[in-house]
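Engineer: please work out how this folds:
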Amino acid sequence: MPLETVSTVTVQDREYGPDGNPLINQEVTIRLAPAVIFTVAAGQAGNTDQVALQPIELRVKTDTTGFWSAKVVRNSDITPANTYYSVKVGLLKHYDVAVPAGAGPFIASNILTGPLPNFPGGSSVAGPITITGNLTVTGAETVSGALAANGGLTVLGGGNISGGLTLGGLLTMTDAVSRLVPGATSFSIRDNANANDNLIVTNAGNVTIRGNLTVTGGPLTVSAGGASITGGATIAGGLTVSTGDETISAGRLVFGAAGSKIVPGATQLSLRNNADSADNVLISDAGLVTHRNAILVPPTAGGTLAPTSYGSTWVKLDEQSPSGVSTFTFTIPGGYRSIRVRITGRTTQAAAAADLQFRFNADSGTNYDWTRQRMESGGVLSDGGNATAQGTLGFLVGTSGPANAVGYLELTIHNYLSTSADKVVQADGGYVATSYGAGNVIRLASVGFWHPSSPAAVTSLTLLLSAGNFTGALAELWGEP
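Structural biologist: Below is the predicted model:
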């Protein structure tokens, strides 16, 4: 009977030491495992009858380049299934391989099976490595290709993977103070298509979030650098930015609570302009509100604003309390349609009253005409003046009047900025003469004109008395838009 022959294939590799140099003249032992009786069925691998294989060892040596080669039976041809070859290289490392169907030759590091090869002193493995079980690395690991760990990966010493890492399970860090060290510029968590940065952290510590940020606990605290949100953020616990700015570059700042609040600093809250150079709205902690510009109020809710020169509300421009003087002056700013002055007070004139007079722009020329009506229960008295050095509009109570009585007058100067029209002053008010009683409670209605040779905008208003000084007086200057 002729001897049966079994077809073999070549398995080979090149072995390197931990220093990267080839392992020269090292014995390579190849043993079929596990330790059971193996057979090759009839009709397989070129034999005609079933053949028994003994778990003998093959021994070869590496050459001057670390290369070795041996001929073995394919594991795919051996019964029972799931056999493998245990490969030992000197005293440095050992690993298992399963030889597949095919003509070969096969590189041993490309047909690894079972646990990852044991490299006591470190080594280099060519080609991709796929781990279907768990991988435990107690030292430092360097992978130049791709590493796929479908079961689990445990690295106790450290690792460097330049090709890529694919994990089928969890990435768990066991250090109490664990760290992910980024590249030279940034670290990115990408979307599944590897097309967008869902979360990117620069080496300087700036964080950019592609979509919305939701914080369900909280608070969210940013201690330095500021926060920039381009999508949206939902913060259920709270947001604290102790240093830096929070920037919302798209979307809205929406408060979900029915009773939402913005709590200011210890003294104030400011809504700044875009250049951060001025307070557009300043709210003090006591509730005082200062507007940088005018306030516009429509005539009805959602209505159309009327034409205006400066907002749609009166603006208080100045307030003075003259005392011990016979004259005082308001500086009149531009930007309004009309100017209004309100004054109450008494005089030191030893009479029932003293005349209250006015001048514009310090003009003491004879450029004023005026008329005044005094109305009381006994009738109406009128007086007036033409081409006078000041206009006379009303009275303030003198020392002969009731002890606590005052005179009051409200002056309105319309279209005061015109440089083509003379100025008209309308005044209304009243005073008490010698006593409270019939004929002494008097209402005033007056009008005055200023007509210089060349009309001019009003830039100042001087109020003066015909005799005596102001006492206990209060004067207010208002602008009407």
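
Engineer: beta partners for residue 376?
Structural biologist: Note on residue 376: beta-bridge partners by DSSP bridges are residue 379.

Engineer: surely it meets residue 441?
Structural biologist: Yes. Residue 376 lies in contact with residue 441 (Cβ atoms under 8 Å); the separation is 6.3 Å. For glycine as for every other residue, the C-beta is placed from the backbone atoms N, C-alpha and C.

Engineer: dump the residue contacts of residue 253.
Structural biologist: Listed by Cβ atoms under 8 Å, 6 or more residues apart in numbering, residue 253 has no contact partners.

Engineer: for it, helix, strand, or coil?
Structural biologist: Put simply, residue 253 is coil when judged by DSSP: H, G, I helix; E, B strand; the rest coil.

Engineer: how close does it sit to residue 235?
Structural biologist: With distances taken as Cβ to Cβ, to the nearest Å, residue 253 is found 11 Å from residue 235.

Engineer: for residue 26, grab the count of nearby residues.
Structural biologist: Here the number of neighbours of residue 26 (other Cβ atoms under 10 Å) works out to 20.

Engineer: phi, psi of it?
Structural biologist: phi -100, psi 140 (degrees, to the nearest 10).

Engineer: how near is it to residue 66?
Structural biologist: Taken as Cβ to Cβ, the span from residue 26 to residue 66 is 8 Å.

Engineer: which neighbours do the two have in common?
Structural biologist: residue 15.

Engineer: and residue 295, what does it touch?
Structural biologist: Shown in contact with residue 295 (Cβ under 8 Å, 6+ apart): 311, 312, 313.

Engineer: pretty sure the second one is in a helix, no?
Structural biologist: Think residue 312. No. Counting by three-state DSSP, residue 312 falls outside a helix, being coil.

Engineer: please verify my assumption that it contacts residue 336.
Structural biologist: No. Counting by Cβ under 8 Å, residue 312 stays clear of residue 336, with 11.7 Å between them.

Engineer: find residues that contact each of those two.
Structural biologist: Contact criterion Cβ under 8 Å, 6+ apart; residues shared by residue 312 and residue 336: residue 481.

Engineer: looking at these two, which has the bigger crowd around it?
Structural biologist: Higher neighbour count among residue 312 and residue 336: residue 336, with 23 against 16, using other Cβ under 10 Å.

Engineer: test my guess that residue 33 contacts residue 96.
Structural biologist: Yes. At 7.5 Å, residue 33 counts as touching residue 96 under the criterion of Cβ under 8 Å.

Engineer: which of the two has more residues huddled nearby?
Structural biologist: Taking other Cβ under 10 Å, residue 33 and residue 96 do not tie; residue 96 has more neighbours (19 against 13).

Engineer: helix or strand: which one has the more buried one?
Structural biologist: Remark: residue 96 resides in strand 93-97, with elements defined by DSSP states H and E.

Engineer: list the strands paired with the following helix or strand past that strand, with their directions.
Structural biologist: Downstream of strand 93-97, the next assigned helix or strand under DSSP H and E is strand 106-107. Paired neighbours of strand 106-107 in the sheet (DSSP bridges): strand 9-14 (parallel).

Engineer: domain ranges for this structure?
Structural biologist: Split into domains by automatic domain parsing, the chain comes to 9-127, 128-176, 264-293, 315-480.

Engineer: give me the beta-bridge partners of the residue nearest the centre of the chain?
Structural biologist: The structure's the chain has its C-alpha centroid closest to residue 247; by Cα atoms, centre = their mean the separation is 1.8 Å. According to DSSP bridges, the partner residues bridging residue 247 are residue 228.

Engineer: what about residue 460, how many residues nearby?
Structural biologist: Residue 460 is flanked by 13 other residues according to other Cβ under 10 Å.

Engineer: contacting residues for it?
Structural biologist: By Cβ under 8 Å, 6+ apart, the contact list for residue 460 reads 329, 330, 331, 332, 360, 361, 362.

Engineer: ok, the helix or strand containing the second one: who's next to it in the sheet?
Structural biologist: Pointing back at residue 330 there. Under the criterion of DSSP H and E, residue 330 resides in strand 327-331. Sheet pairing of strand 327-331 (DSSP bridges) gives strand 460-465 (antiparallel).

Engineer: how far off centre is the partner strand?
Structural biologist: A distance of 53 Å separates the centroid of the chain from that of strand 460-465, by Cα atoms, centre = their mean, to the nearest Å.

Engineer: likewise stretch 425-436?
Structural biologist: 60 Å.

Engineer: against residue 420, how distant is the residue nearest to residue 466 when sequence neighbours are not counted?
Structural biologist: Nearest non-adjacent residue to residue 466, counting by Cβ to Cβ, 6 or more residues apart in numbering: residue 355, 3.7 Å away. Distance of residue 355 to residue 420, computed by Cβ to Cβ: 31 Å.

Engineer: against which helices or strands is the helix or strand hosting the residue nearest to residue 466 packed?
Structural biologist: When elements are assigned from DSSP H and E, residue 355 belongs to strand 353-360. Contacts defined by 3 or more Cβ pairs under 8 Å, 6 or more residues apart in numbering; DSSP states H and E place strand 353-360 against strand 338-347, strand 391-397, strand 407-414, strand 423-432, strand 460-465.

Engineer: tell me the strands beside it, with direction?
Structural biologist: strand 391-397 (antiparallel), strand 460-465 (antiparallel).

Engineer: including distance to residue 425, could the ones you listed go into TSV?
Structural biologist: Converted to TSV, those look like this (distance: least, Cβ to Cβ, whole Å):
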stretch	distance to residue 425
strand 391-397	7
strand 460-465	9
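
Engineer: nearest to residue 348 among those strands would be which one?
Structural biologist: In terms of Cβ to Cβ, the element of those nearest to residue 348 is strand 460-465, at 8.9 Å.

Engineer: would you mind getting the angle between the closest one and strand 338-347?
Structural biologist: 20 degrees (axes from the mean of the first three to the mean of the last three Cα atoms, to 10 degrees).

Engineer: go through strand 460-465 and flag the buried ones.
Structural biologist: By neighbour count on 16 or more other Cβ atoms under 10 Å, the buried set for strand 460-465 is 461, 462, 463, 464, 465.

Engineer: can you tell me which of the residues you listed is nearest residue 267?
Structural biologist: After measuring these against residue 267 - Cβ to Cβ - the closest member comes out as residue 461, at 36.1 Å.

Engineer: and that closest one, what does it touch?
Structural biologist: So residue 461 contacts 329, 330, 332, 339, 341, 358, 359, 360, 413, 477 (Cβ under 8 Å, 6+ apart).

Engineer: just the pLDDT for it.
Structural biologist: The model reports residue 461 with a pLDDT of 98.

Engineer: from residue 10, how far off is it?
Structural biologist: Taking Cβ to Cβ, one finds residue 461 at 112 Å from residue 10.

Engineer: again, but for residue 176
Structural biologist: 51 Å.

Engineer: could you find the closest non-adjacent residue to residue 290?
Structural biologist: residue 282 (4.3 Å).

Engineer: give me the neighbour count for the one you found.
Structural biologist: Using other Cβ under 10 Å, residue 282 has 16 other residues around it.

Engineer: show me what it is bridged to.
Structural biologist: Assigned bridge partners for residue 282, using DSSP bridges, are residue 270, residue 290.

Engineer: shaky segments in the protein?
Structural biologist: 1-5, 35-56, 115-170, 217-220, 222-233, 236-238, 242-244 (pLDDT under 70).

Engineer: residue 258: how many residues sit nearby?
Structural biologist: With other Cβ under 10 Å as criterion, residue 258 counts 5.
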